[in-house]
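Q: Give me a 3D structure for the following:
(one chain, ligands or ions: 1)
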Amino acid sequence: MSEYIHGSHPEEQKRLSLLNELINGRCLELINLTKGDRVIDIGSGLGQFTLAMADRVGEDGFCLGIERDPEQIKVAEVNKMKNTERLPVEFRIGDVSDLNLKNEELESFEVGHARFILEHLSNPKLALNELVKAIKPGGRIVLEDDDHAGFILFPEPPGFSILWNAYMRSYDCLGNDPFIGRRLVALLHEAGLRSIRNDLIFFGDCAGSPTFTSYVENLIGVIRTAYPTMIEHNLITAEAFKESIGQLKNGLRFRMLRYGIKSAGQKELKSNQNLSPTRGQSVPGLKINIT
Ligand SMILES: C[S@@+](CC[C@H](N)C(=O)[O-])C[C@H]1O[C@@H](n2cnc3c(N)ncnc32)[C@H](O)[C@@H]1O
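A: Sure thing, here's the model as predicted:
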């Protein structure tokens with residue numbers, strides 16, 4: 001079973017919630033949901049993004065969030081209760097590698113979505129195959145995930161590259177892939193999907209911006225949760241870790257932080273169909289134009 005490095009400690013849940021506040025708007029723009037869509041969101045965490053999608057698909061749509069950790073589901077249920085419009089949303093305990101959907105739910109969703117989950121799986125293909133089974137013929141899958149090699153701080157604080165390398169190696173130690181972002185298109189292709197598109201969501205900020213501290217907090221938060229793995233596998237010394245985190249806390253020493261969430265969306269085809277759009281046409285349901 002894949003191990004999730006960040007866990008669900010209240011401090012970590014605070015970080016994840018903050019991350020949602022920072023990027024949900026940009027991610028929603030990309031997904032381009034339609035009123036009435038049925039959406040399945042795997043590894044749904046605290047459910048904030050699932051609920052944001054529910055808001056977009058409206059009362060005639062439906063969002064199903066699947067999450068393995070009961071602590072995350074508890075918070076998702078609380079978040080759901082705050083949603084006064086009582087939009088059709090369900091959170092369900094489950095493992096993304098075997099969604100265990102009811103028969104009538106198979107091939108019933110217009111959109112399958114996975115954000116920041118494939119990077120935490122030792123076999124992401126299993127999860128993707130489950131999503132393929134869930135969506136209707138002609139439905140879409142949207143994957144959003146990190147490629148940690150693309151992370152940049154400028155000017156880089158002393159010791160940061162050692163710390164960041166140790167963080168990335170901690171994924172390897174669990175059998176997970178810190179560079180999953182670059183594989184999303186290949187994964188979709190291998191799962192038999194076509195009309196695949198690739199995009200990048202800007203995830204960054206600079207000193208002076210009101211949200212810069214939040215981005216720095218998120219960065220420190222993700223690295224902190226990997227500390228036990230880093231130490232257990234001798235990826236960094238406790239002293240070097242403490243020193244580099246101290247440098248990060250003084251975020252104003254670096255002026256710019258930049259990342260990108262790789263995103264690949266596609267429209268599913270039956271194997272004998274050829275719906276590839278011609279150049280210049282937009283893909284139905286996808287915002288991105290093919291040029
Ligand atoms: C980084 S969080 C992302 C949550 C949400 N997708 C978001 O973008 O806010 C990853 C979530 O996946 C959950 N998770 C990890 N492995 C899982 C698995 N095998 N099955 C279901 N959920 C899993 C974790 O508990 C965590 O809540």
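Q: measure whatever residue of the chain ends up closest to the ligand to residue 139 for me?
A: Going by CB to the nearest ligand atom, the ligand is nearest to residue 45 of the chain, at 2.6 Å. Where you see a C-beta, it was placed from the backbone N, CA and C, and this is true even at glycine. Here residue 45 is placed at a distance of 22 Å from residue 139 (CB to CB, to the nearest Å).
Q: if you count what's nearby, which of those two comes out ahead?
A: residue 45 (27 against 23; other CB atoms under 10 Å).
Q: Backbone dihedrals for that one, both of them.
A: Backbone torsions of residue 45, given as degrees, to the nearest 10, read phi 60, psi -120.
Q: How about residue 73?
A: Backbone geometry at residue 73, expressed as degrees, to the nearest 10, gives phi -60, psi -40.
Q: Run a quick neighbour tally on it.
A: Close neighbours of residue 73, defined as other CB under 10 Å, add up to 22.
Q: where do the helices sit along the stretch 1-150 of the chain?
A: In the stretch 1-150 of the chain, the segments counted as helices under DSSP state H, counting those that start in this stretch are 10-31, 48-57, 70-82, 124-134.
Q: Quick one: list the elements packing against the last one.
A: Under the contact criterion of 3 or more CB pairs under 8 Å, 6 or more residues apart in numbering; DSSP states H and E, the helices and strands touching helix 124-134 comprise strand 38-42, strand 109-115, strand 135-146, helix 184-190.
Q: rerun at 7 Å
A: Helix 124-134 is packed against strand 38-42, strand 109-115, helix 184-190, with contacts defined by 3 or more CB pairs under 7 Å, 6 or more residues apart in numbering; DSSP states H and E.
Q: Is it possible to get these out as JSON lines so that each row also shows mean pLDDT and distance to residue 228?
A: JSON lines is the format used below for these (pLDDT from 0 to 100; distance: least, CB to CB, whole Å):
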{"stretch": "strand 38-42", "mean pLDDT": "98", "distance to residue 228": "26"}
{"stretch": "strand 109-115", "mean pLDDT": "96", "distance to residue 228": "25"}
{"stretch": "helix 184-190", "mean pLDDT": "94", "distance to residue 228": "28"}
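Q: Please dump those into JSON lines; it should also carry distance to the ligand for every row.
A: JSON lines is the format used below for the helices and strands packed on helix 124-134 (distance: least, CB to the nearest ligand atom, whole Å):
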{"stretch": "strand 38-42", "distance to the ligand": "7"}
{"stretch": "strand 109-115", "distance to the ligand": "4"}
{"stretch": "helix 184-190", "distance to the ligand": "15"}
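Q: Give the closest residue to residue 97 in space, chain neighbours not counted.
A: residue 126 (4.1 Å; CB to CB, 6 or more residues apart in numbering).
Q: Flag the shaky bits of this protein, pLDDT-wise.
A: In the predicted model, the chain carries pLDDT under 70 at residues 266-291.
Q: Tell me the residues of it that contact the ligand?
A: Residues of the chain lying close to the ligand (CB under 6 Å from any ligand atom) are 2, 4, 16, 20, 43-45, 49, 67-69, 72, 95-97, 115-117, 120.
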